[in-house]
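this one's structure only:
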């Protein structure tokens with residue numbers, strides 16, 4: 001029979017104990033990582049579903065910030081906040097959600113930086129108001145001008161009786177037009193406005209303010225974290 005020296009046996013026992021402890025820790029860590037991976041895998045599809053549904057809601061033609069599909073109204077975007085997000089996208093209940101346009105955060109209901117992100121390419125449309133003081137009987141407004149306000153402040157030498165837009169009579173008064181009038185325009189072509197007056201158009205007697213849209217391409221990002 002082979003006998004193990006007592007000293008050697010005593011030295012081996014602590015090593016075995018240490019190995020068992022290390023094995024236990026490694027097993028526990030592996031199980032923990034596996035549970036975390038499973039939980040993350042279970043969570044990600046739900047986050048993606050909520051993010052996709054929210055993004056689709058925001059870019060829809062009847063959505064809370066869109067004028068038409070994938071075209072967002074800049075004024076509505078400016079007024080969009082967490083409360084509006086929760087109200088118009090009920091799928092976000094119980095999740096941390098952040099909505100961004102480009103690098104700017106539009107609305108957030110919590111820290112969603114480690115969640116799932118869905119992106120959509122969109123246009124953001126904002127309206128600019130420009131003005132012109134015509135000093136001649138004809139003036140041309142650029143294409144895409146959507147509406148105009150014509151204001152008449154005639155002096156003794158100016159009496160505009162008729163206004164034609166692209167050849168059609170839009171305003172008329174035999175004694176002369178006074179005050180402000182809204183005139184709808186066709187945004188797909190330039191607009192020619194003609195003033196009929198027995199005299200001349202003096203500086204300041206007629207003012208035109210018109211609106212034109214300006215669009216910017218950017219990315220809408222919806223981040224969701226459970």
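The structure has been received and is ready for your questions. Since the structure is predicted, the reported quantities are computational estimates derived from the model, not experimental observations.

can you tell me which strand in the protein is longest?
Counting by DSSP state E, the longest strand found in the chain is strand 206-225.

Summarise which helices and strands that one is packed against.
In terms of contacts (3 or more C-beta pairs under 8 Å, 6 or more residues apart in numbering; DSSP states H and E), strand 206-225 is packed against helix 6-59, strand 96-101, strand 116-132, strand 138-141, strand 147-152. Using the backbone N, CA and C atoms, a C-beta is placed for each residue, glycine as well.

Out of these, name the one with the poorest average pLDDT.
Among the helices and strands packed on strand 206-225, helix 6-59 has the lowest mean pLDDT, at a mean of 58.

per the record, what domains does this protein have?
Domain ranges of the chain: 1-113+219-226, 134-203, per automatic domain parsing.

chain center to the last one, what's the gap?
Right, the one you point to is domain 134-203. Here domain 134-203 is found 36 Å from its chain centre; the criterion is C-alpha atoms, centre = their mean, to the nearest Å.

what's the answer for stretch 64-75, then?
For stretch 64-75, the distance to the chain centre is 7 Å (C-alpha atoms, centre = their mean).

Check which residues of it are buried.
64, 65, 66, 67, 70, 71, 72, 73, 74 (16 or more other C-beta atoms under 10 Å).

give me every residue that touches residue 171.
By C-beta atoms under 8 Å, 6 or more residues apart in numbering, residue 171 lies in contact with 150, 162, 163, 177, 181, 183.

could you dump those to JSON lines with neighbour count, distance to residue 111 and secondary structure?
Listed next are those as JSON lines, based on neighbours: other C-beta atoms under 10 Å; distance: C-beta to C-beta, whole Å; DSSP: H, G, I helix; E, B strand; the rest coil:
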{"residue": "150", "neighbour count": "23", "distance to residue 111": "52", "secondary structure": "strand"}
{"residue": "162", "neighbour count": "15", "distance to residue 111": "63", "secondary structure": "strand"}
{"residue": "163", "neighbour count": "22", "distance to residue 111": "57", "secondary structure": "strand"}
{"residue": "177", "neighbour count": "22", "distance to residue 111": "59", "secondary structure": "coil"}
{"residue": "181", "neighbour count": "14", "distance to residue 111": "52", "secondary structure": "strand"}
{"residue": "183", "neighbour count": "17", "distance to residue 111": "50", "secondary structure": "strand"}
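
Pipe these into a markdown table and attach distance to residue 97 per row.
Below are the contacts of residue 171 laid out as a markdown table (distance: C-beta to C-beta, whole Å):
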| residue | distance to residue 97 |
| --- | --- |
| 150 | 46 |
| 162 | 56 |
| 163 | 50 |
| 177 | 53 |
| 181 | 46 |
| 183 | 43 |
